[in-house]
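Peer 1: Pasted the sequence and its predicted model underneath.
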Amino acid sequence: MASRTKVKTLTIDGKRVGARGDATILEVAREHDVYIPTLCFLEGLRPNGGCRMCIVEIEGSNKLQPSCVTQVYEGMEVHTDSERIQNYRKKILQLIFSERNHVCSVCVSNGNCELQDTAQKLGMDHVEYPYLYPHMEVDATHDRFAVDHNRCIMCTRCVRVCEGVEGAYTWDIANRGINAKVITDLNQDWGDSETCTSCGKCVQVCPTGALFEKGKAVAEMKKTRQFLPYLSVMREEEE
Amino acid sequence: MTREELQEIAENELEAREELDHLIFVCNAASCQSSQGLQLIESLKSGIEEKELGDTVEVKGAGCMGLCAAGPLVLIEPDGILYTQVKPEDAGEILNHLESEAVERLKTDLEMPFFGKQVKIVLENSGKIDPEKIEDYIAMEGYTALNRVITEMSPGEVIDVISDSGLRGRGGAGYPTGLKWSTVGIAEDVQKYVVCNADEGDPGAFMDRSVLESDPHRVLEGMAIAGYAVGADKGYIYVRAEYPLAIERLREAIKRARRLNLLGNNIFGSQFSFNLEIRLGAGAFVCGEETALLASIEGRQGRPRPRPPYPAEYGLWGHPTLINNVETFANVAPIIRNGAEWFASIGTENSKGTKVFAMAGSINNTGLIEVPMGITLRDIIYDLGGGLPEDLKFKAVQTGGPSGGCVPEEHLDMPVDYESLKEVGTMMGSGGMIVVDASSDMVSDVAKYFVEFCKSESCGKCVPCRVGTAQMYDLLDKISKDEATQRDLDLLVDLCDVVRNTSLCGLGQAAPQPVLSTLEYFKEDYDAHLQKATDKLTHAVQREE
Ligand SMILES: Cc1cc2nc3c(=O)[nH]c(=O)nc-3n(C[C@H](O)[C@H](O)[C@H](O)COP(=O)(O)O)c2cc1C
Ligand code: SF4
Ligand code: SF4
Ligand code: SF4
Ligand code: FES
């Protein structure tokens, strides 16, 4: 597999850069301090490609590609910040805000939320779509943690960290489309879960206030993910 | 099994038919079964017994004959008489008339354009063989193409024939089949797979179901030839569980083919082995999308993943995988038998061969047809379809299902091919065709209907499709209820753009199509709703004053 690891050269926003042959556009962009917003992506977890925040333009193709899963190729010309992309990103973000309930001022993650950060960074100052406000409950049956589905953006990071890192397979997704939601075990209360080891990894990777530690007041919930880069380094060494 | 043995089976079957005076085929596909087709077969059988005609007349359950709305259908051979809307009580009369004039009351004119304008490749055996008997298929030269490729051709030669024929995928997008086969063919891996997409999730579509119910061996033979061509020894047919009859016939067909060593190990005594398995889908539209389908076969949730890498390179369990639609595979054996040039001589410059369509909606002859590419929509609707029922005026024809759009009167003389349909804002799709009459409102009857379908079938993995289709639906609902303003319509148009360009898979990317095409051709339907909303408001204000 020599060809896969051979160095490739490409341009990102006009800047010529070199990259490992099997790198994704996002990896290369981050190495070179090019900001591409992401929500479902988290280094160390199996990529998902679902939030669509990281879409980029590739010269020669009209189709926008998610940079978190798209591999680089020799001579690739990537544009990460065109007006077209900025417009789409802002609208996708608005769609996320319109889906459930994101009233930051009463959220445990206020001030420590990736969704909020991204909205600020992208300059999203209003939501033009009607809020859907579906009826969503809060599951506080677990001893130490709770899940508030109203804040969930369906990034599936919790699903992926629980299966891929902790190996407990507690989280899953039930239902389709706009009715999709994350569930624990066979859609039972988290507190009744037989697989959950209470490691707290899902809480730490959750980008919003959907998963939080009990007893935290508004704006208190800080997330730590130090274990993830460590794990991804370990995994690369194994390979 | 050798070529001689195959021939012998065919000859025996044909001789047995020769000895009969009459062969009666009764449609035994799902639609006719549901209109007393099975009882009809029974009463014909007992009539034959009573009249002691057993030596000269045989009744066979057969596949779909196309005019489904007029079922059950009965075909009398060798006279070529077709009866429609036959009831079990008509059995006696039909048997009494075998040697004399046909029963006029039930007879249908085979000269009518519905039959005359069809060209049958995929459906060539449909209605003329018993799908549950492999001998019937073999009598129609079945498995001779497989024999030829295995004993006389190299895999590369097979791919060349398919490429030269110009066959394009019938599952919707129309990707060149030969090109796909050669990509999988050159992929280096010890394990490769062939997958048949029989998920058929489009509402109202039943082309693939009909092929599987009427002539299952044709699909198996096409898959085995594909396996030989690309170097795969294992195949899967992914069928939705809502098709129990198709599944039953496929199971039976695989069993029979295996027994005759037309599937399995060392086929025709060669080094080539090909084993097939059926996988059932739970009937989610998105599972027809190829990467979601593969995930589902692997036992994971049927959700799509970004492509590239395409399945041809990275498919089932990471191995190169060829995935084609039922109708695509059904074209393969005849192409091998009759040659690439024969196939390429049918159809248009860039769309070769025929296409099977399911006609529905405001049209006289609802049912299944197979027509050469390049035929006009007007011919399909007015000649084959027999036009709209009395008093109804044509408004549009919707093609391509939830991913397609509608074509108004002004484009009816356009040829039906992949590119022309795309040009007017719709697509070939899998072959659903719904005729809409002037009494319909394009907003609620077409746009809202299909967006609701996409919304409820969205897998929910990506934001634009999950949330965007829900927002689109709400806006369409508001418009159709005369509650929307111009701003809502503008928002809808803008959403269409976002959802189309940023969704992960084809479901979301195509979901706006029915809205965009109704907006292009029937903007007046939208405007009428907006106007009514304004009027309502004005009245309300006046009443307050
Ligand atoms: C949402 C969605 C649903 C699809 N459903 C089907 C289907 O039911 N049957 C099918 O053959 N192809 C379906 N397709 C197309 C397949 O992904 C794939 O392109 C096709 O099976 C390839 O076969 P072909 O080249 O023979 O057309 C669907 C695609 C999308 C995006
Ligand atoms: S606490 Fe750990 S084991 Fe429990 S659900 Fe979260 S990640 Fe899985
Ligand atoms: S609970 Fe958190 S981590 Fe899990 S899908 Fe929702 S937002 Fe993502
Ligand atoms: S476009 Fe729709 S169906 Fe396709 S991945 Fe996204 S949410 Fe799922
Ligand atoms: S970060 Fe790439 S799609 Fe979510």
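Peer 2: Nice, thanks for sending it over. Numbering: from 1, shown residues only, chains lettered A, B, ... in the order given. Ligands and ions are numbered 1, 2, ... in the order given.

Peer 1: does A:G49 count as helix, strand or coil?
Peer 2: coil (DSSP: H, G, I helix; E, B strand; the rest coil).

Peer 1: mind checking pLDDT for it?
Peer 2: For A:G49, the pLDDT comes out at 95.

Peer 1: What distance do you get for it to B:P306?
Peer 2: 4 Å (C-beta to C-beta, to the nearest Å). All C-beta atoms are positioned from the backbone trio N, CA, C, and that covers glycine.

Peer 1: Overlap in contacts, these two.
Peer 2: A:66, A:69, B:504 (C-beta atoms under 8 Å, 6 or more residues apart in numbering or on different chains).

Peer 1: Tell me the one of these nearest ligand 5?
Peer 2: A:P66 (4.1 Å; C-beta to the nearest ligand atom).

Peer 1: Show me the shaky parts of chain B.
Peer 2: The model of chain B has no residue with pLDDT under 70.

Peer 1: Return the residues of it in contact with ligand 1.
Peer 2: B:169-173, B:175, B:197, B:199-201, B:285-286, B:288-290, B:323-325, B:328, B:430, B:505-507 (C-beta under 6 Å from any ligand atom).

Peer 1: From those, which land in helices?
Peer 2: B:290, B:328, B:506-507 (DSSP state H).

Peer 1: and the two most separated of those residues?
Peer 2: B:T328 and B:L507 (20.1 Å; C-beta to C-beta).

Peer 1: among the residues of chain B next to ligand 1, which ones are buried?
Peer 2: Neighbour-count burial (16 or more other C-beta atoms under 10 Å in any protein chain shown) applied to those gives B:169-173, B:197, B:199-201, B:285-286, B:288-290, B:323-325, B:328, B:430, B:505-507.

Peer 1: So which of the residues you listed sit within strands?
Peer 2: Among those, the members found in strands (DSSP state E) are B:197, B:323-325.

Peer 1: which residue sits closest to B:V515, ignoring its sequence neighbours?
Peer 2: B:A447 (4.7 Å; C-beta to C-beta, 6 or more residues apart in numbering or on different chains).

Peer 1: out of the buried ones among the residues of chain B next to ligand 1, which touch chain A?
Peer 2: Restricting these to those near chain A by C-beta under 8 Å from any C-beta of the partner chain leaves B:V286.

Peer 1: The buried ones among the residues of chain B next to ligand 1 also near ligand 3: which ones?
Peer 2: Okay, of these, nothing touches ligand 3 (C-beta under 6 Å from any ligand atom).

Peer 1: Just put the shared contacts of A:G49 and B:P306 in JSON lines and tack on neighbour count and distance to ligand 3.
Peer 2: Listed next are the shared contacts of A:G49 and B:P306 as JSON lines, based on neighbours: other C-beta atoms under 10 Å in any protein chain shown; distance: C-beta to the nearest ligand atom, whole Å:
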{"residue": "A:P66", "neighbour count": "27", "distance to ligand 3": "17"}
{"residue": "A:V69", "neighbour count": "21", "distance to ligand 3": "17"}
{"residue": "B:L504", "neighbour count": "28", "distance to ligand 3": "16"}
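
Peer 1: Closest to ligand 4 out of the residues you listed?
Peer 2: B:L504 (3.7 Å).

Peer 1: burial measure for the residue nearest to the closest one when sequence neighbours are not counted, as a count.
Peer 2: Leaving aside its chain neighbours, B:L504 sits nearest to B:C462 (4.0 Å; criterion: C-beta to C-beta, 6+ apart). Around B:C462 there are 29 other residues, counting by other C-beta atoms under 10 Å in any protein chain shown.
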